[in-house]
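Undergrad: build me a structure from this.
(one chain, ligands or ions: 1)
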Amino acid sequence: MQTEPRNAQVGPEKGTLVGQEYEVEIGPVAHGGHCVARTPEGQVLFVRHALPGERVVARVTEGEEGARFLRADAVRVVEASKDRIEPPCPYAGPGRCGGCDWQHAKPGAQRRLKAEVIAEQLKRLAGLTPEEAGWDGTVVPAEGDKLPAGEVPRWRTRVQYAVDPATGRAGLRRHRSHEVEPVDHCMIAAEGVDELGVEQRDWTGMESVEAVAATGSHDRQVILTPRPGARLPLVELNRPVSVLRVDEKTGGVHRVHGRPFVRERADGRTYRVSAGGFWQVHPKAADILVEAVMQGLLPRKGDMALDLYCGAGLFAGALADRVGDKGAVLGIEAGKRAVQDARHNLAGFPRVRIEQGRVESVLPRTGITETDLIVLDPPRSGAGRTTVARLSSLGARRIAYVACDPAALARDLAYFREGGYRVRTLRAFDLFPMTHHVECVAVLEPVKKGA
Ligand SMILES: C[S@@+](CC[C@H](N)C(=O)[O-])C[C@H]1O[C@@H](n2cnc3c(N)ncnc32)[C@H](O)[C@@H]1O
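TA: Sure thing, here's the model as predicted:
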């Protein structure tokens, strides 16, 4: 295959092993889109583009002699797994686009690999078997994503393109690199993103271009991040699209033309999401997660509920509907614009309050000492010990934890156990097909006294 070792020439002096090749047996999958193998000297190799049980030639891409582990790409398959397919995407492979991790695995096998990662993290970090976590051990595809091998779901409603400074062409970043892989078309991009034709335009002077295609509305958005001192290109698109610019010094987003937000639909409601604010990328994700959280929490009229890390107010809105006029919902979110969006989106609910700031500092300041229900949907790093301890002290009947990183989830579940909570059910959804990412929803309840 086509990659050249990046800095093989400095190898001998620095003890680097970059460019070194080993024929190895591939062991189990590991968290992060790679599998584990060992060099003949016993050094751990994290190998991309391989599958468990295969025999491959792995070429080292990062690491030196004596390092705890090396990173490598499978550049030749000696014995292939039955789960292997020819990657449908022409930009996938060693040294190429870093966006997808499992293009070379059958769709069902991708979900099994993700399930193995979740099971391993639960066991290692929370000491839980799938049965103990109330999980059936499967990763469920989103409706419509169960396609035959070779067909790829077009699920990415938000694509961050990097611009090659030499050509002005938009592409995608290579794995763990700032280099740009120029692409004519990203197979997992949603149709609405494709229509914007970002890959066909000249973006000279831009650092990156983000394309957004909202779900349930025709709103489309292009967010430009210029290189210092560059002029904005004239963006003439063949449909009404809002164009925004990221200030390279402050990171603030400025409107060039059109609306500074898109309107997304979920759970029967329209949510305004400002540029830079969080919204789930898979078009089915918001509905799937709301359903899983509500089925887990079973809100009742009159309940008091917390929506932590609430973004534009997705779960707060769903909870507000269900707890009714006698209930109340408090959302907490760090992002200023997201808070403005959440307040706007939920303005029709007088019993919803959104506080701005970090959960760690705002929650103690609210003076809340008890609540009926909690949903938390933290960033990849998870909630952490202090926040989990505080949440465990509020006496919630049920807690729903929405997690995009199974390792952070498993660590926090162990903290919840210290706080007197057990996992009642866990569900996993493949909301990021072709990549190693996976979304989980864990529902917790207090351990019964004397249990
Ligand atoms: C995974 S998103 C969830 C958003 C929302 N629940 C949704 O589904 O659309 C995580 C959110 O947490 C916010 N955030 C990150 N760190 C935070 C913190 N320490 N305190 C409060 N919010 C935080 C981010 O701005 C982001 O909106």
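
Undergrad: end-to-end on stretch 326-341?
TA: 24 Å (C-alpha to C-alpha, to the nearest Å).

Undergrad: tally of neighbours for the residue in the stretch 1-150 of the chain that the ligand sits nearest to?
TA: The ligand sits closest to residue 142 of the stretch 1-150 of the chain, with a gap of 15.1 Å, by C-beta to the nearest ligand atom. Backbone N, C-alpha and C define where each C-beta goes, glycine included. Number of residues near residue 142 (other C-beta atoms under 10 Å) recorded here: 20.

Undergrad: verify the stated contact: it with residue 429.
TA: Yes: applying C-beta atoms under 8 Å as the test, residue 142 and residue 429 come out as touching, 6.7 Å apart.

Undergrad: shared neighbours, the two?
TA: When contacts are counted by C-beta atoms under 8 Å, 6 or more residues apart in numbering, the set common to residue 142 and residue 429 consists of 285, 288.

Undergrad: where does pLDDT dip in the chain?
TA: Low-confidence segments of the chain (pLDDT under 70): 1-14, 149, 235-240, 451.

Undergrad: please enumerate the helices of it.
TA: According to DSSP state H, the chain carries its helices in the segments 11-14, 107-121, 191-195, 285-297, 314-323, 336-345, 359-366, 385-392, 406-418.

Undergrad: now tabulate those in a markdown table and tack on mean neighbour count and distance to the ligand.
TA: As requested, the helices of the chain are exported to a markdown table (neighbours: other C-beta atoms under 10 Å; distance: least, C-beta to the nearest ligand atom, whole Å):
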| stretch | mean neighbour count | distance to the ligand |
| --- | --- | --- |
| helix 11-14 | 10 | 38 |
| helix 107-121 | 21 | 17 |
| helix 191-195 | 17 | 19 |
| helix 285-297 | 21 | 7 |
| helix 314-323 | 25 | 4 |
| helix 336-345 | 21 | 5 |
| helix 359-366 | 15 | 4 |
| helix 385-392 | 18 | 8 |
| helix 406-418 | 21 | 11 |
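
Undergrad: residue 261: which of the ones you listed is closest?
TA: With C-beta to C-beta, the closest approach to residue 261 among these belongs to helix 336-345: 7.0 Å.

Undergrad: list the buried residues for stretch 168-176?
TA: Residues of stretch 168-176 classed as buried by neighbour count (16 or more other C-beta atoms under 10 Å): 169, 170, 171, 172, 173, 174, 175.

Undergrad: isn't the first one right up against residue 206?
TA: No: contact criterion C-beta under 8 Å: residue 169 and residue 206 do not qualify, at 10.5 Å.

Undergrad: now for those two: what residues contact both?
TA: Listed as contacting both residue 169 and residue 206 by C-beta under 8 Å, 6+ apart are residue 163.

Undergrad: and the residue of the stretch 201-350 of the chain that's closest to the ligand?
TA: For the stretch 201-350 of the chain, C-beta to the nearest ligand atom, closest residue to the ligand: residue 311, 2.7 Å.

Undergrad: so who does that residue touch?
TA: Contacts for residue 311 (C-beta under 8 Å, 6+ apart) come out as 273, 277, 278, 279, 333, 335, 338, 341, 342, 377.

Undergrad: now those residues in CSV, with distance to residue 406?
TA: Listed next are the contacts of residue 311 as CSV, based on distance: C-beta to C-beta, whole Å:
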residue, distance to residue 406
273, 26
277, 25
278, 19
279, 21
333, 23
335, 24
338, 25
341, 28
342, 27
377, 14
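
Undergrad: taking the residues you listed, please make a ChimeraX selection of just the buried ones.
TA: One line in ChimeraX is enough to select the buried ones among the contacts of residue 311; burial here means 16+ other C-beta under 10 Å:
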select :273,277,278,279,333,335,338,341,342,377
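
Undergrad: how's this protein carved up into domains?
TA: What automatic domain parsing lists as the domains of the chain is 8-84, 113-145+264-446, 158-262.

Undergrad: gap between the two ends of the longest one?
TA: Yep, that's domain 113-145+264-446 we're talking about. Separation of the first and last residues of domain 113-145+264-446 by C-alpha to C-alpha is 31 Å.

Undergrad: let's number from 51 now, not from 1
TA: Fine by me, first position is 51 from now on; the one you just mentioned is domain 163-195+314-496.

Undergrad: so how far is it from its chain's centroid?
TA: Averaging C-alpha positions (C-alpha atoms, centre = their mean, to the nearest Å) puts domain 163-195+314-496 14 Å from its chain's average.

Undergrad: same check, this time on the shortest one
TA: For domain 58-134, the distance from its own C-alpha centre to the chain's C-alpha centre is 25 Å (C-alpha atoms, centre = their mean).

Undergrad: if we can go back for a sec, nearest to residue 211, out of the helices of the chain?
TA: Among the helices of the chain, helix 241-245 sits nearest to residue 211 (C-beta to C-beta), with 9.7 Å.

Undergrad: mind giving me the packing neighbours of that closest one?
TA: Helices and strands touching helix 241-245, by 3 or more C-beta pairs under 8 Å, 6 or more residues apart in numbering; DSSP states H and E, are strand 256-263.

Undergrad: ok, residues contacting stretch 135-149?
TA: Applying C-beta under 8 Å, 6+ apart, the set of residues contacting stretch 135-149 from outside is 51-54, 98-99, 109, 111, 123-125, 150, 153-156, 199-202, 221-227, 231, 233, 236-238, 484-485.
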